[in-house]
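Engineer: A predicted structure for the sequence below; I have some questions about it.
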Amino acid sequence: MDLTNRGLTAPALRAALLGDDLPPAPAFLDVSDNRLLGDDGARVVCEYAGRTAPLTAIRMWNCGLTCDGAGHLAAAVRAHRSLRVVQLWGNAVGPDAQRAVDRALSGPRSVSSATDSA
């Protein structure tokens, strides 16, 4: 599902993903370039991952995430084994949060996340 560059805030994303009219469950969710999402947007994405059919990839490039948001995504990866790719480029998540996401993705899945600590 492509929700890139729509000026979404976390409440708007919640309405789009978790409202009464749930969209079809995609395998890939891209909410990149919605700089106002922030860590609350990451929480919404995690909640969505728990309510839909298996989500395999999340892209949140340039979404204003910090280590807190990345921590929520790492927890979602651990809870939802279908998640194999988390892309967080352009967010200031920091090295510790990056390692947490990488560790959550490691193991049998052997798929890495990608970020930069901009």
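Structural biologist: Cool, the structure landed.

Engineer: For the residue nearest the centre of the chain, which residues count as its bridge partners?
Structural biologist: With distances taken as CA atoms, centre = their mean, residue 58 lies nearest the centre of the chain, 4.8 Å away. Applying DSSP bridges to residue 58 gives these bridge partners: residue 29, residue 86.

Engineer: Distance of it relative to residue 76?
Structural biologist: Computed as CB to CB, to the nearest Å, the residue 58 to residue 76 distance reads 8 Å. Every C-beta, even on glycine, is put in place using the N, C-alpha and C of the backbone.

Engineer: who touches both of these two?
Structural biologist: Listed as contacting both residue 58 and residue 76 by CB atoms under 8 Å, 6 or more residues apart in numbering are 45, 49, 83.

Engineer: Filter those down to the ones in helices?
Structural biologist: 45, 49 (DSSP state H).

Engineer: Please tabulate the shared contacts of residue 58 and residue 76 in JSON lines, including the columns neighbour count.
Structural biologist: Formatted as JSON lines, the shared contacts of residue 58 and residue 76 follow (neighbours: other CB atoms under 10 Å):
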{"residue": "45", "neighbour count": "26"}
{"residue": "49", "neighbour count": "22"}
{"residue": "83", "neighbour count": "24"}
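
Engineer: quick one: which of the shared contacts of residue 58 and residue 76 is nearest to residue 93?
Structural biologist: Nearest to residue 93 out of these is residue 45 (CB to CB; 14.0 Å).

Engineer: From residue 34, how far out is that closest one?
Structural biologist: 11 Å.

Engineer: Equivalent analysis for residue 17, please.
Structural biologist: From residue 17 to residue 34 the distance is 12 Å (CB to CB).

Engineer: more neighbours, these two?
Structural biologist: Remark: of residue 17 and residue 34, residue 34 carries more neighbours, 24 against 21, as counted by other CB atoms under 10 Å.

Engineer: tell me the secondary structure for the more buried one?
Structural biologist: In terms of secondary structure, residue 34 is coil; the call rests on DSSP: H, G, I helix; E, B strand; the rest coil.

Engineer: what about the residue nearest to it when sequence neighbours are not counted, which helix or strand?
Structural biologist: Spatially, and ignoring its direct neighbours in sequence, residue 34 is nearest to residue 8 (4.2 Å; CB to CB, 6 or more residues apart in numbering). Assigned by DSSP states H and E, residue 8 belongs to neither a helix nor a strand.
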